[in-house]
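Colleague: Task: produce atomic coordinates for the following.
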Amino acid sequence: MNRTDRLYALVEEPRAVAPRPRSARWLAEHFEVSARTVERDIGALQQSGVPIYAEPGRTGGYCLDKARTLPPVNLTPGEAVAMAVALRAVAGTPFRAEARSALVKLVAAMRRDDAAVAQELASRIHLLGDGGVAPSVPRMMADALSDRRVLRIGYSDRDGTVTTRAIEPLGYVGTASHWYLVAWCRLRGAVRAFRTDRVTTVSVTAEVPAPRALHRDDLDIPHGVVHQLALL
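Modeller: Got it, this is the predicted structure:
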């Protein structure tokens, strides 16, 4: 189990048995890690705003304050990522910590499999700079990563020349003014970034391409700071 999945599970285990505690030793054996790793992960959750606390004593352990958590939330992975993007808008305000805490609580309340899909989806979204991002993505392109199908698009370059491309969506890059769909372009035989407001037509095909990884080096952005979106 990777660390992200373990963090979700470390919230769900105390929730399931609340108000009774789960000891660090029990959690360590359950997740097949050391007690020190459990303590470090619990500390990270506490710093993120999850209301989990240590109860001292021989029968003590870690407890979750159910009065300050949400019941299971049926957010879709796309909705969770939308919340993460929206909350980026308050990054420069006095409410940055509260926004982060709210997102952690929402994700922790999701079904574990949905949360894992949301985390994978978020890892394919990169934001350039620290400002807000303008939402200007056509619906069929907005669903491209979730649908995982080949798109056929008409794309206008900076000179206004339109070409037809078959592309395999890989991720997004957002700036303060534009969204870019990062995809494997079959016409060019390489990864390309398509500015969404230059897409003239888009259709979704029935073809599901073989999975391709998207690495930060693939983005080839020569300036600014790239932030990978994350849910935890």
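Colleague: who does the least confident helix or strand in the chain by mean pLDDT touch, helix- and strand-wise?
Modeller: Between all helices and strands in the chain, the lowest mean by mean pLDDT, DSSP states H and E belongs to helix 139-142, at a mean of 72. Secondary-structure packing of helix 139-142 (3 or more Cβ pairs under 8 Å, 6 or more residues apart in numbering; DSSP states H and E): strand 199-204. To be clear about C-beta, it is placed using only N, CA and C from the backbone, and glycine gets the same treatment.
Colleague: With only the CA atoms kept, save the helix or strand that the strand it packs on is followed by in CSV.
Modeller: Per DSSP states H and E, the first helix or strand lying C-terminal to strand 199-204 is helix 216-219. Output in CSV follows, covering the C-alpha atoms of helix 216-219 (Å, rounded to 0.1, in the frame of the first residue of the first chain):
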residue,chain,number,x,y,z
ARG,A,216,6.8,16.7,-15.3
ASP,A,217,9.7,16.6,-17.8
ASP,A,218,7.2,16.0,-20.6
LEU,A,219,5.7,19.4,-20.0
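Colleague: so the residue lying farthest from the centre of the chain, which of the three states?
Modeller: What lies farthest from the middle of the chain is R58; by Cα atoms, centre = their mean that is 38.5 Å. R58 falls in the coil class when you classify it by DSSP: H, G, I helix; E, B strand; the rest coil.
Colleague: can you check R149 too?
Modeller: Classification of R149 using three-state DSSP returns coil.
Colleague: Need the residues that contact the helix or strand containing I153.
Modeller: Element membership of I153 [criterion: DSSP H and E] is strand 151-156. Contact with strand 151-156 is made by 140-141, 144, 162-167, 169, 183, 194, 198-205, as judged by Cβ atoms under 8 Å, 6 or more residues apart in numbering.
Colleague: What distance do you get for E168 to E207?
Modeller: Between E168 and E207 the computed distance is 9 Å (Cβ to Cβ, to the nearest Å).
Colleague: ok, S146 touching G78?
Modeller: Yes: with contact defined as Cβ atoms under 8 Å, S146 and G78 form a contacting pair (5.6 Å).
Colleague: which strands and helices sit next to the longest strand belonging to the chain?
Modeller: Scanning the chain for the strand with the most residues, using DSSP state E, yields strand 162-174. If you count contacts as 3+ Cβ pairs under 8 Å, 6+ apart, strand 162-174 packs onto strand 125-128, helix 144-147, strand 151-156, strand 179-185, strand 190-195.
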